[in-house]
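Asks: no FASTA, just this:
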């Protein structure tokens, strides 16, 4: 019986890497975007698509696929509070995968992504630490300025845990370039855990080097996220000293 999974986030945490090491497995297929410039399907972001139903979704992305596991990677799904219920409406038994990176480095990487995509022109101190007060309207799929908010991981995780029995949390710093961690995930997903992906050392979506003096920003962000990291450690029952 075919099962479904969703890599729901978070942005700038290695979700593309995760999607590739899964897609390379012969028993797994990850959906590819259909037309347009978007790098991810983001199907459940668009209500007009959701209204077309589950069969439309399956035909759009998985026609002719016979793999044991079918999945989608869309990092926007961690951002938007209405997405879990939409996914659950189609696939109530889906496995949900989160990839979580040190929120300090994630925020800085998000900033440089916004610079590169010409959606940001402010200095990192003003942009990142002032993002809570930014009032510009953004009508795209993912607001490029949610530098701080996206680091509140526990809140996003809990939205999915309320609906789905299988929510798997992966820590970027423990997962990337780690064959043992990759094979452990294969085992969790009930596919051949002995498979060795050839792309496990590949760098996807390489970030710009952090330009300028960012240590004051990092110091402020470490303080800002200290409570969030403590909360996540308690929730997951693991040490996140790698983030400190």
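Replies: That came through fine. Note that the structure is a prediction, hence the values are computed from the model and not measured.
Asks: drop to CA atoms for contacts and neighbour counts, all remaining ones
Replies: Noted.
Asks: quick one: low-confidence parts of this protein?
Replies: Where the chain drops to pLDDT under 70, the residues are 131-141, 205-213.
Asks: So what are the sheet partners of the helix or strand hosting residue 97 and their directions?
Replies: Residue 97 belongs to strand 95-100 when assigned by DSSP states H and E. Here strand 95-100 has these sheet partners by DSSP bridges: strand 3-9 (parallel), strand 166-171 (parallel).
Asks: most tightly surrounded among those?
Replies: Among the strands paired with strand 95-100, the stretch with the highest mean neighbour count (mean count of other C-alpha atoms under 10 Å) is strand 3-9, at a mean of 22.
Asks: So what touches the following helix or strand past it?
Replies: Sequence order places helix 15-23 as the next helix or strand after strand 3-9, per DSSP H and E. Residues outside helix 15-23 that contact it (C-alpha atoms under 8 Å, 6 or more residues apart in numbering) are 7, 9, 28-30, 73, 75, 99, 176, 182, 186, 197, 199-200, 202-205.
Asks: Helix 15-23: how far from the chain's middle?
Replies: 11 Å (C-alpha atoms, centre = their mean, to the nearest Å).
Asks: returning to that earlier point: name the surrounding residues that touch the strand holding residue 97.
Replies: 4-10, 13-15, 18, 153, 157, 160, 164-172.
Asks: what angle do it and helix 15-23 make?
Replies: Strand 95-100 and helix 15-23 meet at an angle of 140 degrees, taking axes from the mean of the first three to the mean of the last three C-alpha atoms, to 10 degrees as the criterion.
Asks: Pull out the buried residues from the longest helix along the chain.
Replies: Longest helix of the chain, by residue count under DSSP state H: helix 215-236. For helix 215-236, burial by neighbour count (16 or more other C-alpha atoms under 10 Å) applies to 217-218, 221-222, 225, 228-229, 232.
Asks: Please tabulate those in CSV, including the columns distance to residue 22.
Replies: CSV is the format used below for the buried residues of helix 215-236 (distance: C-alpha to C-alpha, whole Å):
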residue, distance to residue 22
217, 34
218, 32
221, 32
222, 32
225, 30
228, 29
229, 27
232, 25
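Asks: which one of the residues you listed is nearest residue 111?
Replies: residue 217 (11.7 Å; C-alpha to C-alpha).
Asks: Could you check how far the strand holding residue 97 is from the centre of its chain?
Replies: How far strand 95-100 lies from its chain's middle: 7 Å, per C-alpha atoms, centre = their mean.
Asks: ditto for stretch 29-47
Replies: 14 Å.
Asks: what does that stretch rub up against?
Replies: Residues contacting stretch 29-47 (C-alpha under 8 Å, 6+ apart): 19, 22-23, 49-50, 57, 60-62, 65, 67, 69-74, 76-77, 83, 86-87, 141.
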